[in-house]
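> A structural model of the following input is requested.
(one chain, ligands or ions: 1)
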Amino acid sequence: MTAVPALLTVTGATRRFGGVHALRDVDLDVAPGETHAVIGPNGAGKSTLFKLIGGQLVATAGTIGYDGQRIDRLAPHRRARRGIAIAFQDSPVFGGMTVTENVMVGAHAVTRAGPVAAVLGLPRHRREEAEIRELAARALDRAGLTAWADRPADALPLGQQRALQVARALCGGPRLLLLDEPASGLRGPERSALAGLIEQLRGEGLSILLVEHDVAFVARLADRVTVLDLGRVIARGTFAEIRTDPAVITAYLGGPP
Ligand SMILES: Nc1ncnc2c1ncn2[C@@H]1O[C@H](COP(=O)(O)OP(=O)(O)OP(=O)(O)O)[C@@H](O)[C@H]1O
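Below is the predicted model of the structure:
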C-alpha cells in the first residue's frame, strides 16, 4: 500500500532572532484530513512555527512544502490562494460591519479582481461580490452562524466571535486551516461548542493545524500532537503517547531542582 503524501511538510525549520533560537531544526507534517496540534510551554516556539507556515515570518533555514510544492518563499496572500487559511486568535472582528460582511473579508484574499476593482465598482468586481456573498453564506452555514448573518458583528458573544473568525478563514475555501489558540479566553460551554465546530470541519475532510495551550481541547481534537520546548521538537505522537512522555512532563512541570 502506498502512503498518502502529506499536505503540509515542514523540514528542518529554524528561526533565529539575533542570538535567540526560536526554532531549531523542526520537522512536522500534516496529513490530508488530519487535525494536528502543536503544544509546548511559553516561549517554546509555537507562534514562530505558525508564522513560518502562514508566511508572516521567513525561516532562517529549512523548507516548507504544501501540496507537493515549496511555499516558503511565497508571500502570505499567495499561500492563502493555494488554500492555506489562518484564523488568528487576535484577528479583528469589525464592529461596524455585519457578520456576513466580516466573513466576506476572508474571501478578498483569494479573489481575482482585487481591491482596486472593488473601489472602482467595476462589473468584474460586482460579479465577484455576488460570488463572495454566496461563499460567505456557505461559510456561515458551516460555522453555525446563519442566524447571526445580518447582525452587527460586535453583538456576537465571544464564542460566536471565534466561530466568525473560523468562518472568515473558511470563506476562501481552504484545504489547510491554521488555528492559533482558538480556545483562548473561552469559558467551558463556548470552548466545547468551538471544539464541536472543529470536529465537524475535520469530518468534512479539512486538514487542520492547531496551536493551543488548552490541553483538554487538544486531547479531544488532535489526531497527532507535536510538542515543542525551547524551539525543539521533544515529542510527537497521539495525545495518549505524548502525555506520558518523560520529556513532556519535565518541560511542563520543570526539570529537577
Ligand atoms: N520578534 C521576536 N524578536 C525576538 N525574539 C522573539 C521574537 N519572537 C519570538 N521571539 C523569541 O522566540 C522564542 C519563541 O517564541 P514564540 O512566541 O514562538 O513561543 P510560543 O511557544 O508561541 O510562546 P507563548 O506560548 O508564550 O505564546 C521566545 O524565546 C521568544 O522570546
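
> C-alpha from now on. contacts and neighbour counts both.
Will do.

> May I have the beta-bridge partners of the residue nearest to E34 when sequence neighbours are not counted?
Leaving aside its sequence neighbours, E34 sits nearest to S207 (C-alpha to C-alpha, 6 or more residues apart in numbering; 5.0 Å). Bridge pairing for S207 (DSSP bridges) gives the partners L176.

> what's the neighbour count on S207?
24 (other C-alpha atoms under 10 Å).

> okay, it: pLDDT?
pLDDT for S207: 98.

> quick one: it and T35 touch, right?
Yes. Using C-alpha atoms under 8 Å, S207 is in contact with T35, at 5.9 Å.

> neighbours around the residue of the stretch 51-200 of the chain found nearest the ligand, how many?
Minimum separation of the stretch 51-200 of the chain from the ligand (C-alpha to the nearest ligand atom) falls at K51, amounting to 8.5 Å. Look at K51: counted by other C-alpha under 10 Å, it has 17 neighbours.

> For the closest residue to it other than its chain neighbours, grab phi and psi.
Leaving aside its chain neighbours, K51 sits nearest to L57 (5.3 Å; criterion: C-alpha to C-alpha, 6+ apart). L57 adopts backbone torsions of phi -130, psi 150, taken as degrees, to the nearest 10.

> quick one: buried residues of the host helix or strand of D141?
For D141, the element it lies in under DSSP states H and E is helix 123-142. Of all the residues in helix 123-142, those buried under the rule 16 or more other C-alpha atoms under 10 Å are 125, 128-129, 132-133, 135-140, 142.

> Let me see the mean pLDDT of it.
83.

> now swap in stretch 156-166 and tell me
On average, stretch 156-166 scores 92.

> Name the surrounding residues that touch that stretch.
87-89, 91, 93, 99, 102-103, 140, 143-145, 148, 153, 182, 186, 190-191, 193-194, 197 (C-alpha atoms under 8 Å, 6 or more residues apart in numbering).

> and those residues, which are buried?
87-89, 93, 99, 102-103, 140, 143-145, 148, 153, 182, 190-191, 194, 197.

> Show me what residue of the stretch 101-250 of the chain gets nearest to the ligand.
For the stretch 101-250 of the chain, C-alpha to the nearest ligand atom, closest residue to the ligand: G231, 6.5 Å.

> Just to check, that residue is in contact with V20?
No. G231 lies out of contact with V20 (C-alpha under 8 Å); the separation is 9.6 Å.

> Spell out for me which residue occupies the centre of this structure.
Compute the mean C-alpha point of the chain, and by C-alpha atoms, centre = their mean the closest residue is L178, 1.4 Å away.
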